[in-house]
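1. Here's a sequence, model it:
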Amino acid sequence: MAWSVAKSLCTPVIDMSRVRARSPLAVGIGCVSLAGSSLWFSISSPSRLKPFASLSISADTCKKEAVQTEKAPAALGPYSQAIKANNMVFVSGVLGLIPETGKFISDSVEEQTEQVLKNMGEILKASGASYSSVVKTTIMLVDLQDFKKVNEIYAKYFPSPAPARSTYQVAALPLGARIEIECIAAL
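-> Sure thing, here's the model as predicted:
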């Protein structure tokens, strides 16, 4: 695929397949910025000033930082409790574990849900975010029959407008948990 990125400035066509072949990582993490009203894909009258786009690759805007707090359970594997990147916080799936003991608060989905949301709040706080800045959550339940019970508890934590959300029934969760919740928040 070849893109003409700045015809009005008489710059050459960039063959993106060659760029990807030479530096796939740089293109994979790069950021694109557009200038002008649209990309110009055809060659027409050379006397007309055409809109243009610029392609810039910058690692600075794609920095990420791990978030870690002792007030929430440690990650159970090779992942972070959360990652801050580009003014967003991506919180890993949180379980209803007591941070000090690493054990579930109980076998009850209600008590696990409450503990999950408390743990998530501590991770959000450590990242500089809060429940009100959460834009998306994903809930994983071992039994979808628990949906109503979880909703009653969940509603106490998220002010209106509530974040976008997906809820799934899964075959199993780590350590035999009944519920796991992950979220994305804006900073």
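
2. can you point me to the longest helix in this structure?
-> Identified as the longest helix of the chain according to DSSP state H is helix 109-127.

3. quick one: contacts of it?
-> With Cβ atoms under 8 Å, 6 or more residues apart in numbering as the test, helix 109-127 has contacts from 67-69, 71-73, 81-82, 84, 89, 91, 94-99, 104-106, 130-131, 133-134, 141, 143, 146, 149-150, 153-154, 157, 177-181, 183, 185, 187. Quick note: C-beta positions are derived from backbone N, CA and C, even for glycine.

4. Report the buried members of these.
-> Buried by 16 or more other Cβ atoms under 10 Å: 67, 69, 72-73, 81-82, 84, 89, 91, 94-97, 104-105, 131, 133-134, 141, 146, 149-150, 153-154, 157, 177-181, 183, 185, out of these.

5. Can you tell me which of these end up in helices?
-> 149-150, 153-154, 157.

6. Can I get those in a markdown table including pLDDT and distance to L173?
-> Listed next are these as a markdown table, based on pLDDT from 0 to 100; distance: Cβ to Cβ, whole Å:
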| residue | pLDDT | distance to L173 |
| --- | --- | --- |
| K149 | 98 | 16 |
| V150 | 98 | 13 |
| I153 | 98 | 17 |
| Y154 | 98 | 17 |
| Y157 | 97 | 20 |
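
7. Closest one of these to A171?
-> Nearest to A171 out of those is V150 (Cβ to Cβ; 17.8 Å).

8. Pull the contacting residues for the closest one.
-> V150 makes contact with 109, 113, 139, 141, 167, 179, according to Cβ under 8 Å, 6+ apart.

9. can you do 6 Å?
-> V150 makes contacts with T113, as judged by Cβ atoms under 6 Å, 6 or more residues apart in numbering.

10. for this protein, what are the low-confidence residue spans?
-> Scanning the chain for pLDDT under 70 picks out the ranges 1-61.

11. 50 instead?
-> Across the chain, residues meeting the criterion (pLDDT under 50) sit at 1-45, 52, 54, 56-58.
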